[in-house]
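Undergrad: have a look; sequence and predicted model below, questions after that.
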Amino acid sequence: MQSTKSIAKMTNYRWTIVALLFVATTINYLDRQVLSLTWDEFIMPEFHWNENHYGTITSIFSIVYAISMLFAGSFVDWMGTKKGFLWAIGVWSVGACMHALCGVVTESWVGLHSAAELAQAVGDVAVLISTVSMYAFIVARIILAIGEAGNFPAAIKVTAEYFPKKDRAYATSIFNAGASVGALIAPLSIPFLAKAYGWEMSFIVIGALGFIWMGFWVFLYKKPEQNKHLNSAELNYILSDRESKDELEMQASAVQEKKVSFIDCFKYKQTWAFAFGKFMTDGVWWFFLFWTPSYLNTQFGIKTSAGLGVALIFTLYALATLSIYGGKLPSIIIRKTGLNPYAARMKAMFIFAFIPLLVLLAQPLGTFSPWFPIILIGFGCAAHQSWSANIFTTVGDMFPKHAIATVIGIGGMAGGVGSMILQKSAGALFVYAGETKMTFLGFEGKPAGYFMVFCFCAVAYLIGWTVMKSLVPKYKPITDL
């Protein structure tokens, strides 16, 4: 009775920590989206960019982010949760704000004195401006990618500190929702900031949010055992399923004895299956996020700062949040069919792989209204997130715990390489299509280029699933690693 009473009166400070993680993830996603929502309308005319310049920038961001993810978790472990998170958000906030200086750097390098002079330049000077400004943005983007890679490893580590195992999945789903909220806030805020105060100010304002968050983190976060805002009842609840010190030392020793190298993992078809699935599909997600605002302007002349543009982008991201139901499908399949978890997940992923085929209709139906392609792309994005949630869990199905992080790192790298190739190829294709007036299935110029990329995006998941199923046709957990 007394135990129940003490639990009923315990503080709930752990949810304050989750709220901080939610806000950090929201800011993370906002900072990432500023460039995609401003480059086509505001930045491109000033720096004489074309899609090839933008494709280069986004491709480098993708690969640097993927490489950084390999080391972010180790960095947070080394620095400690508090300092590690501060470093991560501090670095990415600096990178976000640095974008605003790219114009100043370009003006100084080419010897001009204003944005108007940059925009009016022609010939070799215009080529120099586009090249210098692209490299300036690449530097800022690299710093942003390095910092942003630390958000999820740090947030997951904090969740493990502040929640017993039974509550961690729920807490993680709450802070992870910040990605969806950030995506929804982005089109409602960033284009208006750029239109009212200049594109530079949109990077500064959104980037500064991270520094404000750091102030709250410094004063509100301490490890549970040291946090005066927790009473003993809440602390006991948080620590309720922690192992004893001796058990933890034994586990750490066992894991140390079983350290797995990347080369060891590549000996298994299961690693190649996961890596290929990520390679084929990660770039599709980033393509839709990075290029849809430009697509609306290219295809329909709709700017992101216009009311219709805001409504369209908001709708796309809102539809993408339907993916929260994607993780439930394997459980339903297991309950109704009795299949093992891997088989159930592969069956669910097979279903999700068909949904992006709707994107094949985006261009044909776009001749009637821009709402059709946005809705179809939105369903494709929701399918991707559902696919992504399930492909990650296939690693846990097949690999022992001490190898999971390594295999996920390999898959993340493969996804980054795939994304880099798709972003760079798309940019080059759009420039070529525009210059040559290329035709494809009744569309001409850049719309034809978009149609070609949409065709790839539509079938990428089925290709990925087919190869994964060929490599690992049946559930086969690895026991000798």
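TA: Done, it's in. Numbering: from 1, shown residues only.
Undergrad: quick one: the helices in the stretch 151-300 of the chain?
TA: 151-162, 165-197, 199-220, 232-238, 245-257, 262-265, 269-300 (DSSP state H, counting those that start in this stretch).
Undergrad: by mean pLDDT, show me the worst of those helices.
TA: When those are compared by mean pLDDT, helix 245-257 comes last with a mean of 48.
Undergrad: and stretch 101-121, how far from the chain's centre?
TA: 32 Å (Cα atoms, centre = their mean, to the nearest Å).
Undergrad: mind listing what's buried along that stretch?
TA: 101-103, 105-107, 110, 112, 115, 118, 121 (16 or more other Cβ atoms under 10 Å). In short, each C-beta sits where N, CA and C put it, glycine included.
Undergrad: contacting residues around the closest residue in space to Glu51 that isn't next to it in sequence?
TA: Closest residue in space to Glu51, ignoring its immediate chain neighbours: Phe430 at 3.8 Å, by Cβ to Cβ, 6 or more residues apart in numbering. Counting by Cβ atoms under 8 Å, 6 or more residues apart in numbering, Phe430 touches 50-52, 55, 298, 446, 449-450.
Undergrad: any chance of those residues in JSON lines, with neighbour count and secondary structure too?
TA: Putting those into JSON lines (neighbours: other Cβ atoms under 10 Å; DSSP: H, G, I helix; E, B strand; the rest coil) gives the following:
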{"residue": "Asn50", "neighbour count": "15", "secondary structure": "coil"}
{"residue": "Glu51", "neighbour count": "24", "secondary structure": "helix"}
{"residue": "Asn52", "neighbour count": "18", "secondary structure": "helix"}
{"residue": "Gly55", "neighbour count": "24", "secondary structure": "helix"}
{"residue": "Thr298", "neighbour count": "19", "secondary structure": "helix"}
{"residue": "Lys446", "neighbour count": "22", "secondary structure": "helix"}
{"residue": "Gly449", "neighbour count": "25", "secondary structure": "helix"}
{"residue": "Tyr450", "neighbour count": "26", "secondary structure": "helix"}
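Undergrad: can you name the two of the buried residues of stretch 101-121 that sit furthest apart?
TA: Spatially, the most separated pair among the buried residues of stretch 101-121 is Leu101 and Ala121, at 19.3 Å (Cβ to Cβ).
Undergrad: domain map for this structure?
TA: 12-220, 258-481 (automatic domain parsing).
Undergrad: model confidence for the residue nearest to Glu51, exactly?
TA: Phe430 is given a pLDDT of 96.
Undergrad: quick check: it is in a helix.
TA: Yes: per DSSP: H, G, I helix; E, B strand; the rest coil, Phe430 lies within a helix segment.
Undergrad: rewinding a little: which one of the domains of the chain lies nearest to Leu235?
TA: domain 12-220 (9.5 Å).
Undergrad: can you give me the helices for the stretch 1-150 of the chain?
TA: Under DSSP H, counting those that start in this stretch, the stretch 1-150 of the chain gives helices at 2-8, 13-38, 44-47, 51-79, 81-98, 102-110, 115-120, 123-148.
Undergrad: right, so of those, which gets closest to Ala426?
TA: helix 51-79 (5.7 Å).
Undergrad: give me the distance from the closest one to the chain's centre.
TA: That offset, for helix 51-79, works out to 11 Å (Cα atoms, centre = their mean).
Undergrad: okay, buried residues for that helix please.
TA: Buried residues in helix 51-79 (16+ other Cβ under 10 Å): 51-70, 72-73, 75-76, 79.
Undergrad: burial count for the residue nearest to Cys102 when sequence neighbours are not counted?
TA: Once flanking residues are discounted, Cys102 sits nearest to Ala136: 4.0 Å by Cβ to Cβ, 6+ apart. Burial measure for Ala136: 20 neighbouring residues, criterion other Cβ atoms under 10 Å.
Undergrad: Ala136 contacts Thr106, doesn't it?
TA: Yes: the criterion here is Cβ atoms under 8 Å, and Ala136 meets it with Thr106 at 6.1 Å.
Undergrad: my guess is Gly283 meets Ser419, correct?
TA: Yes: between Gly283 and Ser419 there is a contact under Cβ under 8 Å: 3.7 Å.
Undergrad: okay, and the common contacts of these two?
TA: Ser62.
Undergrad: tell me which of the helices of the stretch 151-300 of the chain sits most buried.
TA: helix 269-300 (a mean of 24; mean count of other Cβ atoms under 10 Å).
Undergrad: after that helix, next one along is what?
TA: Downstream of helix 269-300, the first helix or strand assigned by DSSP states H and E is helix 307-320.
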